[in-house]
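Q: give me the fold of what follows.
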Amino acid sequence: MKLSVFTVATPDVTPEELCKEAAAAGIDGIEWRCKETSAETALEEPSFWGNNRATLSPAASEAEINRFNDAVKNHGRTTLALAPYIGCGDLAGTEQVFRLAKQLDASMVRVGVPSYNRTLSYNELFTQATAYLQEVEVLAREHNIKALVETHHHTIVPSASLTHRLVSGFNPDQIGVIYDPGNMVYEGYENYRLGLELLGPYLAHVHVKNAGWL
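A: Numbers count the residues shown, from 1 in each chain. Okay, here's the model as predicted:
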C-alpha cells in the first residue's frame, strides 16, 4: 500500500511546497485537483473548492505542466492521479484529461457519473453512465490510463454495491473505483469490509477523510 495526498485538502500551499511536505511526511504520491481557476477566484483567499493553489488546469500550458512535473520530481514523489470534475458523457473533456495525465506520468483519472436529484429515474441515468463508460473504457485502453468512478453521495453510485453494479461489466484494468467511506457517512453506508470484498479487482484507490453529522 502507498499513501498519497489529494490536493483538494491542501489549498494554501503551492505545488512545490506540497511536494516538499509530502516527502517529509513519507507520502509517495500526489493526486492533483484538476479544475480551471478563474481570474476572480485566483484573487480570493485559499479555500478547498475555490482558490486552491495546488490545482492543475485541465487545459494546462506546457509551462504549467513542466512546473508540476518539476515539483514532483525534485522531491522524489510521483503523480498518482488527476481528479477533475468531468461530466458524465463528456468524452472530449475525458480525453483531454487523459492526455494531460500521460504528460504527468499519472496512471489514474477520475471520471464523471450522473448526479441523482429525482428529475430523471435511476434507470435512465444508469443507461447514460453505462454508455459513457463504454467509450471511456476504449479511451483508457488507448492511453493506458485507469478511469476511476468515485463512491459519492447525491450520485447514482453512493455505495459500494451500486458502484459495483455500474462497473462490473467493464475490464478492471481500464475501469476502477475510488472507495470513499467519508462520502458514505452522508449517503450509501454499507459495512466497509463487505464493500471492499465486493469491489475486489475494481478497487483501485481509497480516499480517507473526516466526515460526520453535525
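
Q: give me the buried positions along the helix ranked longest in the chain.
A: Across the chain, the longest stretch assigned as helix under DSSP state H is helix 122-143. Within helix 122-143, the residues that qualify as buried are 125-126, 128-129, 132-133, 136-137, 139-140, 143, counting by 16 or more other C-beta atoms under 10 Å. Backbone N, C-alpha and C define where each C-beta goes, glycine included.

Q: ok, so of those residues, who is nearest Leu82?
A: Distance to Leu82 across these (C-beta to C-beta) is lowest for His143, with 12.0 Å.

Q: give me the element the nearest residue to the closest one once chain neighbours are set aside is part of.
A: Closest residue to His143 apart from its sequence neighbours, by C-beta to C-beta, 6 or more residues apart in numbering: Phe98 at 4.4 Å. Secondary structure here is read from DSSP states H and E; on that basis Phe98 sits in helix 91-103.

Q: which residues touch the nearest residue in space to Leu125 that is not next to it in sequence?
A: For Leu125, the nearest residue in space outside its immediate sequence neighbours is Pro114; the separation is 4.0 Å by C-beta to C-beta, 6+ apart. The neighbourhood of Pro114, defined by C-beta atoms under 8 Å, 6 or more residues apart in numbering, consists of 88, 120, 125, 128-129, 155-156.

Q: quick one on the thing from earlier: dump the buried residues of helix 122-143 to JSON lines, plus distance to Asp28.
A: Formatted as JSON lines, the entries for the buried residues of helix 122-143 read as follows, by distance: C-beta to C-beta, whole Å:
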{"residue": "Leu125", "distance to Asp28": "36"}
{"residue": "Phe126", "distance to Asp28": "35"}
{"residue": "Gln128", "distance to Asp28": "36"}
{"residue": "Ala129", "distance to Asp28": "31"}
{"residue": "Tyr132", "distance to Asp28": "31"}
{"residue": "Leu133", "distance to Asp28": "28"}
{"residue": "Val136", "distance to Asp28": "26"}
{"residue": "Glu137", "distance to Asp28": "27"}
{"residue": "Leu139", "distance to Asp28": "27"}
{"residue": "Ala140", "distance to Asp28": "23"}
{"residue": "His143", "distance to Asp28": "23"}
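
Q: in the chain, which spans are helices?
A: Counting by DSSP H, the chain has helices at residues 15-25, 62-74, 91-103, 122-143, 160-167, 183-186, 192-199.

Q: just those: most buried one?
A: Of all these, helix 160-167 has the most neighbours on average by mean count of other C-beta atoms under 10 Å, namely a mean of 21.

Q: quick one: that helix to helix 122-143, angle?
A: With axes from the mean of the first three to the mean of the last three C-alpha atoms, to 10 degrees as the basis, helix 160-167 and helix 122-143 are set at 60 degrees to each other.

Q: so which elements touch helix 160-167?
A: Packed against helix 160-167 by the contact rule (3 or more C-beta pairs under 8 Å, 6 or more residues apart in numbering; DSSP states H and E) you find helix 122-143, strand 146-150, strand 175-179, helix 192-199.

Q: list the helices and strands the second one packs on?
A: Read that as strand 146-150. The helices and strands touching strand 146-150, judged by 3+ C-beta pairs under 8 Å, 6+ apart, are strand 108-110, helix 122-143, helix 160-167, strand 175-179, strand 203-206.

Q: noted, bye for now.
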